[in-house]
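*Asks:* Turn this into a model:
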Amino acid sequence: MPFSTDANWPQGLLNIFNVNRNQDAPLESRYYGPYDRLFNYAVIEGSFTFYLAPQSAPDFDTSPRDAVDFVVFLVVLNQQKKPVLIAEIKDDRWANESDKRQRADAQMRQRYDQMLFNCPIPRLYGLSLLGTSLRVYCGDTVTGDVTPDFVGRPNAHRVLPLDFLRGEWDLDILSSDGLKKMQEIVAYIKAETANVVG
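*Replies:* Next up, the predicted model:
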């Protein structure tokens, strides 16, 4: 069955995630292969309109903290090399700590600062993945607005509350609801890209 009509993620893909999740490997790198396969399956297979391009890590000298915990994929239009979907992938542990959730949100918003106005379609979707926990972002290429709205630090003079941004990554991408959300996003990208190209 093609991705657009799947009722569930293919069992083989789920197996890849399960094997890699339980693997003793450096944290973010254990998701590199599974997400490469997921995005290739969902967006790219059967088409040469898109390709998956891992983005290089930030310069360790200027941003050592970001370089250690950084894995990003870009799905871009093949012909113009313009981003149509961005995904930032972190380890599962990021969902459990308020400072890491804040950093994941800040890094995703930084990607929008870098890429939104290069997107050739009206909306640029972004997927922040903490393991398989998903938070969907959407940037408007005309207004520059990005949703969900930014939530600032509650008090600049205090540590982050333990529940800061808790529950914001509440959709498991491998669930049936996660599949439906991905199908919706991919259908939008393909339809809008066809309008731009055609």
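*Asks:* only C-alpha atoms for contact and neighbour calcs from this point on.
*Replies:* Fine.
*Asks:* which element is residue 196 on?
*Replies:* Using DSSP states H and E, residue 196 falls within helix 176-197.
*Asks:* Show me what that helix is packed against.
*Replies:* If contacts are counted by 3 or more C-alpha pairs under 8 Å, 6 or more residues apart in numbering; DSSP states H and E, helix 176-197 sits against strand 171-172.
*Asks:* Partner strands of the strand it packs on, with direction?
*Replies:* Neighbouring strands of strand 171-172 in its sheet, by DSSP bridges, are strand 133-140 (antiparallel).
*Asks:* Okay, buried residues for stretch 153-167 please.
*Replies:* If you call a residue buried by 16 or more other C-alpha atoms under 10 Å, then stretch 153-167 has these buried ones: 160, 164, 165.
*Asks:* quick one: contacts for the nearest residue to residue 142 once chain neighbours are set aside?
*Replies:* Leaving aside its sequence neighbours, residue 142 sits nearest to residue 122 (C-alpha to C-alpha, 6 or more residues apart in numbering; 7.0 Å). Residues counted as contacts of residue 122 (C-alpha atoms under 8 Å, 6 or more residues apart in numbering) are 140, 141, 142, 192.
*Asks:* quick one: buried residues of stretch 10-19?
*Replies:* For stretch 10-19, the neighbour count (16+ other C-alpha under 10 Å) marks 16, 17 as buried.
*Asks:* still on that earlier bit, pipe the buried residues of stretch 153-167 into JSON lines and attach pLDDT per row.
*Replies:* Formatted as JSON lines, the buried residues of stretch 153-167 follow (pLDDT from 0 to 100):
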{"residue": "160", "pLDDT": "86"}
{"residue": "164", "pLDDT": "90"}
{"residue": "165", "pLDDT": "89"}
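*Asks:* from those, which is closest to residue 52?
*Replies:* Taking C-alpha to C-alpha as the measure, residue 165 is the one of the buried residues of stretch 153-167 closest to residue 52, at 29.1 Å.
*Asks:* Lowest mean pLDDT among the helices and strands, pick that one out for the protein.
*Replies:* Across the helices and strands of the chain, mean pLDDT, DSSP states H and E gives its lowest value to helix 64-68, namely a mean of 49.
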